[in-house]
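Enquirer: with the sequence up front, the predicted model follows.
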Amino acid sequence: MNCDDALEKLSDHHHETLATGEAVAVAEHLGACGGCAQAYCRLQAQLRGIGSAYAERPSSGTRDALRAAVATEFAAKPTGGLLSFLRRPVPAYGAVLAAALPLVAWLALRPAEPKPIDVAQPPAPARIHDYGATVPLFDRNVS
């Protein structure tokens, strides 16, 4: 491999996108040619510089403003949790749960113990009023 071919493939070699045979040929050429090895080192330094430029931290003022904006946006709101809960889609079993809610409320709110029955005093017998044994039950004058 000559220097022109190696210099063309330095970026691909760095990003490991070359086929195995080409990568081996470029690596052998870099080991034998000082000029191409130096060009490869410069390329690596430039790519590291680009990477560190992207990884640069924002200034403290920018960071504080960003934190304040995030805190404002995601601050706990009095109705935020309830509204987000109510905006969720209802699953298929939600209708069944909604239908069972009155039954659950009735079971929860009914008296826990039944009213006690006073065993010492039996209930009074039923009384029939306005009954006469001499009064006919049916009118027998049927023609």
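Expert: Received the coordinates, thanks.

Enquirer: and the helix or strand Ala105 falls within, what other elements does it pack with?
Expert: Per DSSP states H and E: Ala105 is located in helix 94-109. Packing partners of helix 94-109 (3 or more CB pairs under 8 Å, 6 or more residues apart in numbering; DSSP states H and E): none among the helices and strands. For every residue, glycine as well, the C-beta is placed using N, CA and C.

Enquirer: off-centre distance for the worst-scoring helix or strand of the chain on mean pLDDT?
Expert: None of the helices or strands of the chain scores lower by mean pLDDT, DSSP states H and E than helix 80-86, at a mean of 71. For helix 80-86, the separation from the chain centroid amounts to 13 Å (computed by CA atoms, centre = their mean, to the nearest Å).

Enquirer: which other helices and strands does it contact?
Expert: Using 3+ CB pairs under 8 Å, 6+ apart, helix 80-86 sits against no helix or strand.

Enquirer: just use 19 as the starting number from now, easier for me
Expert: Renumbered: residue one is now 19, and that last one reads helix 98-104.

Enquirer: how many neighbouring residues does Cys54 have?
Expert: 21 (other CB atoms under 10 Å).

Enquirer: sorry, slip of the keys, the one I care about is Ser77.
Expert: Neighbour tally, Ser77, other CB under 10 Å: 9.

Enquirer: what of Gly39?
Expert: For Gly39, using other CB under 10 Å, the count is 8.

Enquirer: flag the shaky bits of the chain, pLDDT-wise.
Expert: Along the chain, segments meeting pLDDT under 70 span 69-73, 97-98, 132, 135-137, 140-141, 144, 146-161.

Enquirer: all helices for it, in order.
Expert: 21-26, 28-32, 38-50, 52-72, 78-91, 98-104, 112-127 (DSSP state H).

Enquirer: quick one: closest of the ones you listed to Ala142.
Expert: Among the helices of the chain, helix 112-127 comes nearest to Ala142, with 32.6 Å by CB to CB.

Enquirer: kindly export the closest one (C-alpha atoms) in PDB.
Expert: Extracted as PDB, the C-alpha positions of helix 112-127 are listed here (Å, rounded to 0.1, in the frame of the first residue of the first chain):
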ATOM      1  CA  GLY A 112     -61.200  -0.400  34.200                       C
ATOM      2  CA  ALA A 113     -64.800  -0.600  33.200                       C
ATOM      3  CA  VAL A 114     -65.200  -3.700  35.500                       C
ATOM      4  CA  LEU A 115     -63.500  -1.900  38.300                       C
ATOM      5  CA  ALA A 116     -65.700   1.200  37.800                       C
ATOM      6  CA  ALA A 117     -68.800  -1.000  37.900                       C
ATOM      7  CA  ALA A 118     -67.600  -2.800  41.100                       C
ATOM      8  CA  LEU A 119     -66.900   0.500  42.900                       C
ATOM      9  CA  PRO A 120     -70.500   1.000  44.200                       C
ATOM     10  CA  LEU A 121     -70.500  -2.500  45.600                       C
ATOM     11  CA  VAL A 122     -67.200  -1.900  47.300                       C
ATOM     12  CA  ALA A 123     -68.400   1.400  48.700                       C
ATOM     13  CA  TRP A 124     -71.600  -0.200  50.000                       C
ATOM     14  CA  LEU A 125     -69.600  -3.000  51.700                       C
ATOM     15  CA  ALA A 126     -67.200  -0.500  53.300                       C
ATOM     16  CA  LEU A 127     -69.900   1.800  54.500                       C
END
